[in-house]
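> Any chance you could fold what I've pasted below:
(one chain, ligands or ions: 2)
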Amino acid sequence: MYGSIVMGDSSLKSYVLDFFFPNRCPFCGGFIPYNDLCCEECFSEILWADEHICPQCGKPKRPHCLCKEYPEYSLCASAAYYSGIAKEGIFSLKFKNNLNAAAIFGQALRDKLSEMGVIDGIDLAVPVPMSPKQMRIRGYNQAEELAKHLTKGTNIPVRTELIQRRFSKTAQHSLSGEDRKRKAAQTYFTELCGTPLSGMTVLLVDDVLTTGSTLNACSKLLLQLGSERVICAAAATV
Ligand SMILES: [Zn+2]
Ligand SMILES: [Zn+2]
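Residues are numbered from 1 along each chain as shown. Ligands and ions are numbered 1, 2, ... in the order given. Sure, this is the predicted structure:
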């Protein structure tokens with residue numbers, strides 16, 4: 001799997017850019033060839049999702065999955081466990097401008113959704129949005145980068161204008177249970193009216209699946225806009 005997944009961009013632009021911004025492994029931070037995505041050792045340490053992950057909600061079956069909470073989405077595919085080296089990769093993706101992890105997890109998610117037999121039925125992909133303020137600070141939305149890589153080679157368009165996020169000072173992870181649900185419902189919104197997504201199957205993409213509150217709030221909006229089914233994909237699951 002390593003050989004097929006870690007080959008990055010071999011373009012001349014990428015080669016030249018490497019002189020100024022040397023390519024680094026998103027997991028250990030070590031220097032790597034300009035057209036690789038990470039080092040082989042790190043890749044082999046990623047804890048990919050296995051049979052202990054619920055195929056329906058994407059959470060580890062133990063202590064418990066989210067299925068009994070009746071999420072709005074019909075299923076969620078997770079690529080890896082949010083632990084060890086995968087956690088480092090997500091951190092680099094969010095805070096170190098290292099987008100290699102988006103390519104690695106995006107491709108893994110594409111393979112996973114194909115294996116699950118659902119990728120062909122997807123009409124469009126929607127990344128979980130960031131607020132305009134967060135976007136200005138970071139310069140990119142990691143969920144959008146994941147969605148771009150996930151849909152590479154398919155004709156699934158990535159749509160970023162359907163749902164939006166308000167700026168909030170409280171970080172989701174600092175809240176628990178009900179507060180998190182309520183907060184997520186207030187944070188995401190849509191400016192669209194009617195049912196422009198009527199009958200569509202939408203793929204909602206995020207970096208980390210924690211309590212499912214974010215995916216649930218965004219799925220609700222997509223269903224409100226007429227989607228028939230929302231399928232989620234997360235790079236890693238807690
Ligand atoms: Zn490494
Ligand atoms: Zn489940």
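
> Can you pull the residues of this structure lying near ligand 2?
By Cβ under 5 Å from the ion, the residues of the chain that approach ligand 2 are 54, 56-57, 65, 67. Yep, even glycine has a C-beta here, placed from its N, CA and C like the rest.

> pLDDT score assigned to V118?
On pLDDT, V118 comes in at 96.

> helix/strand/coil for the residue lying closest to it once chain neighbours are set aside?
What sits nearest to V118 in space, not counting adjacent residues and going by Cβ to Cβ, 6 or more residues apart in numbering, is I231, at 5.8 Å. Three-state call for I231 (DSSP: H, G, I helix; E, B strand; the rest coil): strand.

> Show me which residues of this protein sit near ligand 1.
When proximity is defined by Cβ under 5 Å from the ion, the chain lies next to ligand 1 at 25, 27-28, 39, 42.

> Separate out the buried members of these.
By neighbour count, with 16 or more other Cβ atoms under 10 Å, these hold 25, 27-28, 39, 42 as buried.

> Show me what the residue nearest to V118 bridges to in the sheet.
In this entry, I231 is beta-bridged to L75, L203, by DSSP bridges.

> ok, it - contacts?
73-77, 113, 118, 122, 201-204 (Cβ atoms under 8 Å, 6 or more residues apart in numbering).

> One more: G212?
57, 59, 66, 69, 71, 76.

> Dump those residues to a markdown table, plus secondary structure.
Formatted as a markdown table, those follow (three-state DSSP):
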| residue | secondary structure |
| --- | --- |
| C57 | coil |
| K59 | coil |
| L66 | coil |
| E69 | helix |
| P71 | coil |
| C76 | strand |
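
> Spatially central residue for the protein, please.
Nearest to the mean C-alpha position of the chain, by Cα atoms, centre = their mean, lies D206 at 3.0 Å.

> Tell me the secondary structure of that residue, please.
Assignment for D206 (three-state DSSP): strand.

> Distance check, the closest residue in space to it that isn't next to it in sequence against ligand 1.
Distances taken as Cβ to Cβ, 6+ apart put V128 closest to D206, at 4.2 Å, once the chain neighbours are dropped. For V128, the distance to ligand 1 equals 27 Å [Cβ to the ion, to the nearest Å].

> Now the element after the helix or strand of the chain with the lowest mean pLDDT, going C-ward?
Least confident helix or strand, the chain: helix 2-5 with a mean of 61, by mean pLDDT, DSSP states H and E. Remark: after helix 2-5, the chain's next helix or strand is helix 12-20, criterion DSSP states H and E.

> who does the longest helix along the chain touch, helix- and strand-wise?
Longest helix in the chain by number of residues (criterion: DSSP state H): helix 100-115. Helix 100-115 makes packing contacts with helix 2-5, strand 75-81, helix 84-95, helix 142-150, strand 229-237 when contacts are defined by 3 or more Cβ pairs under 8 Å, 6 or more residues apart in numbering; DSSP states H and E.

> Surely K61 touches A49?
No. In this structure K61 lies outside contact range of A49 using Cβ atoms under 8 Å: 11.3 Å.

> More neighbours: those two, which one.
Neighbours per residue, other Cβ atoms under 10 Å: of K61 and A49, the larger number sits with A49, 21 against 14.

> nearest residue to that one other than its sequence neighbours?
S78 (5.0 Å).

> Contact partners for the one you found?
S78 touches 49, 53, 58-59, 209, 233-237, counting by Cβ under 8 Å, 6+ apart.

> can we see that at 7 Å?
49, 53, 58, 209, 234, 236-237 (Cβ atoms under 7 Å, 6 or more residues apart in numbering).

> In terms of distance to ligand 1, which of those ranks first?
Closest approach to ligand 1 among those (Cβ to the ion): A236, at 16.5 Å.
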